[in-house]
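*Asks:* dropping a prediction and its sequence here:
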Amino acid sequence: LTWLRDVDAPISAALRTELDADGALGPLNATLEIGQGALRPNPATEPVQFQSAKTYLTYEPTRDRIRFSQVEVETEWGSARATGDAYLREIRDGLPRALLAQFQFTDVTLNPANLYEAPLQVPAAAVDLRLRFDPFRVDVGQMVVVDDAMRLRAQGQVTATDAGWQLALDAAIDQISPEKVLSFWPENVKPGTRRWFSNNVSDARLHDLNAGLRLHPERPLQFAANFAFDDATVRFMRHIPPITDGVGTASFIDSRFVVSLDQGTVLAPEGGPMQLAGSVFAIPDARIRNGPAEVDLRIGSSVTAVLSVLNQRPFEFLTKANLPVAIADGRAEVAGQIGFPLKPRMTPDEVAFDFAADLRAVRS
């Protein structure tokens, strides 16, 4: 029962065991019912409150194995049901210093450190971990979560330091939908970038996603992620037609969010499709509310298509010049940048742009 050393709560226990003819301890069966309390390894760590816990276990002393036939726990970080095996390790003076365990979880809800407004729902998961008692540290060698078509693999550590809780979590997902990404992305972690992603990325298949989360008692929360995508629809400006059939990569590192296109098409109001391979959208600092965004465009299309897009809000150049968008035709290779603030409504003087174009086979 050493693994209960950092739990401060009332415990009711029923224990049943036997001694053989030589006085050796045989298997021990136990039922533990734990009342409301907290996990708090040291005074510096914020207590992890829990409402209740219950477990049925069998201890096999010849193998130093604990078989958990049922575990139920309700905490402020989440709730779960589990079964599994644990092995007592690093035994000194008759007491273990560590525990190696494998658990299978069902009916899991998660909300570590209140990162989410509503807890995550996880239908099934499995985890291999090592628990050390002094100092308290949980090393997750592997966690696997399966939810519909998504498969998540994660590893990390939770440590009780002299300054408080420290968390390091790395996760990888083979493929996932934008909706599922948002369900894992806490609303208070880079909210501006999360809001842009929610409002502007749709109909995509995201794959090869890697993410990292770091929580340190003396530093701000850190989050980084990168992924590839295809079949994406991305809206990069409010009144400009969206990019469709997008293929590329995206990353979020040090508060900078970048989407790079290897392939993508904008269907102009007139003049046919525009190819945008090589274009980049960036939010330089997601910490700034209504902060700046940058679009580095690479366009290959007809002249008419370019002019018809430049006649959309907030530009409307051809209308202002009292000219039709079909004033000329030919092929256009365009490169340039657009800068604008990330806010619902903007005025023309808030949009900065710089473009150069090579036009070929022009007719007017």
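*Replies:* Yes, it's here.
*Asks:* give the contact list for Ala277.
*Replies:* With contacts defined as CB atoms under 8 Å, 6 or more residues apart in numbering, Ala277 is in contact with Leu261, Asp262, Gln263, Gly264, Arg298, Gly300. All C-beta spots, glycine's among them, are computed from the backbone N, C-alpha and C.
*Asks:* looking at those residues, which are in helices?
*Replies:* Taking DSSP state H, every one of those sits outside helices.
*Asks:* show the buried residues in those.
*Replies:* When these are checked for burial by 16 or more other CB atoms under 10 Å, the buried set is Leu261, Gly264, Arg298, Gly300.
*Asks:* report the two of these separated the most.
*Replies:* Pairwise distances across the buried ones among the contacts of Ala277 (CB to CB) peak at 12.3 Å, for the pair Leu261 and Gly300.
*Asks:* which pLDDT value goes with Ala118?
*Replies:* In the predicted model, Ala118 carries a pLDDT score of 80.
*Asks:* swap in Gly192?
*Replies:* Per-residue confidence for Gly192 comes out at a pLDDT of 73.
*Asks:* which of the buried ones among the contacts of Ala277 sits closest to Leu19?
*Replies:* Distance from Leu19 was checked for each of the buried ones among the contacts of Ala277 by CB to CB. The minimum falls on Leu261, at 72.0 Å.
*Asks:* is it true that that closest one touches Asp245?
*Replies:* No: judged on CB atoms under 8 Å, Leu261 makes no contact with Asp245 at a distance of 10.2 Å.
*Asks:* just the strands in the stretch 51-200 of the chain please.
*Replies:* For the stretch 51-200 of the chain, strands defined by DSSP state E, counting those that start in this stretch occupy the ranges 65-75, 78-92, 95-110, 120-133, 136-147, 150-161, 164-176.
*Asks:* among the ones you listed, which comes closest to Lys54?
*Replies:* Judging these by CB to CB, what sits closest to Lys54 is strand 65-75, at 4.7 Å.
*Asks:* can you tell me the average pLDDT over that closest one?
*Replies:* 94.
*Asks:* same deal with stretch 33-45?
*Replies:* For stretch 33-45, the mean pLDDT works out to 93.
*Asks:* could you do stretch 356-364 as well?
*Replies:* Summarised as a single mean, pLDDT over stretch 356-364 is 95.
*Asks:* swap in stretch 226-243?
*Replies:* Mean pLDDT, computed over stretch 226-243, is 88.
*Asks:* so Val48 makes contact with Ala38?
*Replies:* Yes: in this structure, Val48 is within contact of Ala38 by CB under 8 Å, at 6.2 Å.
*Asks:* how many residues are close by Thr106?
*Replies:* Taking other CB atoms under 10 Å as the criterion, the count of residues near Thr106 is 12.
*Asks:* what does the longest helix that the chain contains contact?
*Replies:* Selection of the longest helix in the chain by residue count, based on DSSP H, yields helix 191-200. When contacts are taken as CB under 8 Å, 6+ apart, the neighbours of helix 191-200 outside the stretch itself are 178, 181-182, 185, 187, 234-236, 252, 257, 283, 286-291, 342.
*Asks:* work out the gap between the next helix or strand after that helix and the centre of the chain.
*Replies:* Elements were assigned by DSSP states H and E; along the chain past helix 191-200, the next helix or strand is strand 201-202. Taking CA atoms, centre = their mean, to the nearest Å, the mean C-alpha location of strand 201-202 is offset from the chain mean by 16 Å.
*Asks:* equivalent analysis for stretch 169-185, please.
*Replies:* Taking CA atoms, centre = their mean, the mean C-alpha location of stretch 169-185 is offset from the chain mean by 5 Å.
*Asks:* got it, and stretch 88-108?
*Replies:* Centroid separation between stretch 88-108 and its chain, computed with CA atoms, centre = their mean, is 28 Å.
*Asks:* what do you get for stretch 308-315?
*Replies:* Averaging C-alpha coordinates over stretch 308-315 and over its chain gives two centres that are 36 Å apart (CA atoms, centre = their mean).
*Asks:* for that stretch, measure first residue to last.
*Replies:* The separation between the terminal residues of stretch 308-315, taken as CA to CA, to the nearest Å, is 10 Å.
*Asks:* what sits up against it?
*Replies:* With contact meaning CB under 8 Å, 6+ apart, stretch 308-315 is reached by 238-241, 266, 268-271, 274, 317-319, 325, 346-348, 351, 353.
*Asks:* related to what we said a few turns ago, higher neighbour count, Val48 and Ala38?
*Replies:* Just comparing Val48 and Ala38: by other CB under 10 Å the higher neighbour count belongs to Val48, 21 against 16.
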